[in-house]
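*Asks:* A structural model of the following input is requested.
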Amino acid sequence: MVFILALFLQISPVGRFFSSTRDSSEGIFFAPGFEKDTVSWFFIEYGGKFSLSKNLSIDIGVVFKHGNDSTYPFYNWHKIGEMDYRKALLRYHPGNVTLSCGLDAPTLSKGNFTKLFFDGFEPQFPQIQFFIKKAWFSFFYLAGQMEEVRSNPFKPTGDTKYFAYHEAGIRWKNLAFSFGEGVLFKSYNGTHPDWYLFSPVALWYPRQANCNRTDLNIAWLFGVEWEVSRTGLLYGELFVDDAPYKREADENPRVGMLTGFDRNGKKWRFISEAALVTRYTYSYYPGRLELSWFYNSYPLGSVTGTDFVKFSLFIMKKGKINPFGYFETLLQGEGRMGEPFEVGNLSKRVLLSGQTKKTIRVEAGFRVSTGKVNITFRSGVVKINSVQPLIGISFDYKR
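*Replies:* Predicted structure coming up:
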């Protein structure tokens, strides 16, 4: 059982880092929370993971919420309270194969403090998932339907679009490589989607380059991991948004890059991470807003946005009392998520364009481990133009 209570807890990398136990623990969890620096809204999340048989299980989570926030944009209710599923998956997992069906908000990027693609906090959508791992090879496939149920930040839309993703990975000794391709698309005749784009093994990009009977938006995700020692992991990611076969004269590269080092020893945990995303990444062509990398107003790319450089540093000493510290500096240009990509009218400066804004986040705290119970205290500041205080407390109980 997992129990988490958050008081005045800002959504931040450290908060997400310590709340990850909810997604990995067996049994029932119950998580009421009051977040940010106000109690004008709250949420209660509850659910659990339950085994029905040796190879069959249910993973379910429900959210009851009142008020507005940036964490669950799908649940922006103004009534006394409403509820919806956060996750509801039926899993069949014989041996090295896992087949899931239901509702979920998937995590596709592997960064600890910066996600370049799908961070797991986006609104859930109905989908199927398939994962297989055997010896040196692994394969993951996901396909689902995204229905826009309210206005996005740019203009009202009620479109239904589809998302599919496949990723192949190989491992050789201490090295692992992966290549993933994701595609957003609609129906090409107003009645049903192009079934070619649901194929788990065919590359979709040739369809975009050579066949114009359907609208689609494609992105690639490359990943690498190197276990430099038993406790040290060096990792990196490259996100490529619609790399063309023939680059236009004024078409700038639309990419995101991430690199990090995670040392998880017996006494210390140390993570350093650096990331950047160029301007116009996650953008859309004018007239194709329904295929932008947004879903119900939430970015499917990096939640930090675009046109930024970010550095994160985390350190924690392990023991019964685990003190930790976190530092983050973010440089952000004038580029914004969802900018229309107008060929022939682009800024030549695609990284930290215009007037750059600097944000610094510093947090410190400690975690007390008492057997099954973990209690975490943290405080800090965020400074942009003014100083914003942060304070948080959480309780974890595992059965």
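
*Asks:* Find the residue at the geometric middle of this structure.
*Replies:* In the chain, the centroid-proximal residue (C-alpha atoms, centre = their mean) is residue 119; its distance is 0.5 Å.

*Asks:* Chain neighbours aside, what residue packs nearest to it?
*Replies:* Nearest residue to residue 119 in three dimensions, chain neighbours excluded: residue 303, at 5.8 Å (C-beta to C-beta, 6 or more residues apart in numbering). Just so you know, the C-beta spots here come from the backbone N, C-alpha and C atoms, and that holds for glycine as well.

*Asks:* which SS state does that neighbour fall under?
*Replies:* coil (DSSP: H, G, I helix; E, B strand; the rest coil).

*Asks:* What is the neighbour count of it?
*Replies:* 15 (other C-beta atoms under 10 Å).

*Asks:* related to what we said a few turns ago, which phi and psi values does the residue nearest to the centre of the chain adopt?
*Replies:* Per-residue torsions, residue 119: phi -100, psi 0 (degrees, to the nearest 10).

*Asks:* Could you check how far it is from residue 369?
*Replies:* Distance of residue 119 to residue 369, computed by C-beta to C-beta, to the nearest Å: 27 Å.

*Asks:* same thing with residue 339?
*Replies:* Separation of residue 339 from residue 369 (C-beta to C-beta) stands at 45 Å.

*Asks:* Pull the distance from the helix or strand hosting residue 126 to the chain's centre.
*Replies:* Here residue 126, judged by DSSP states H and E, is contained in strand 125-134. Relative to its parent chain, strand 125-134 has a centroid offset of 17 Å by C-alpha atoms, centre = their mean, to the nearest Å.

*Asks:* list the helices and strands that strand packs on?
*Replies:* Applying 3 or more C-beta pairs under 8 Å, 6 or more residues apart in numbering; DSSP states H and E, one finds that strand 125-134 contacts strand 97-104, strand 137-147.

*Asks:* Dump these into TSV; add mean neighbour count as well.
*Replies:* Compiled in TSV, these are given as follows (neighbours: other C-beta atoms under 10 Å):
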stretch	mean neighbour count
strand 97-104	18
strand 137-147	17
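
*Asks:* Make JSON lines out of the ones you listed and add mean pLDDT and distance to residue 63.
*Replies:* Below are these laid out as JSON lines (pLDDT from 0 to 100; distance: least, C-beta to C-beta, whole Å):
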{"stretch": "strand 97-104", "mean pLDDT": "94", "distance to residue 63": "12"}
{"stretch": "strand 137-147", "mean pLDDT": "94", "distance to residue 63": "18"}
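
*Asks:* now those as CSV including distance to residue 179?
*Replies:* As requested, those are exported to CSV (distance: least, C-beta to C-beta, whole Å):
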stretch, distance to residue 179
strand 97-104, 20
strand 137-147, 11
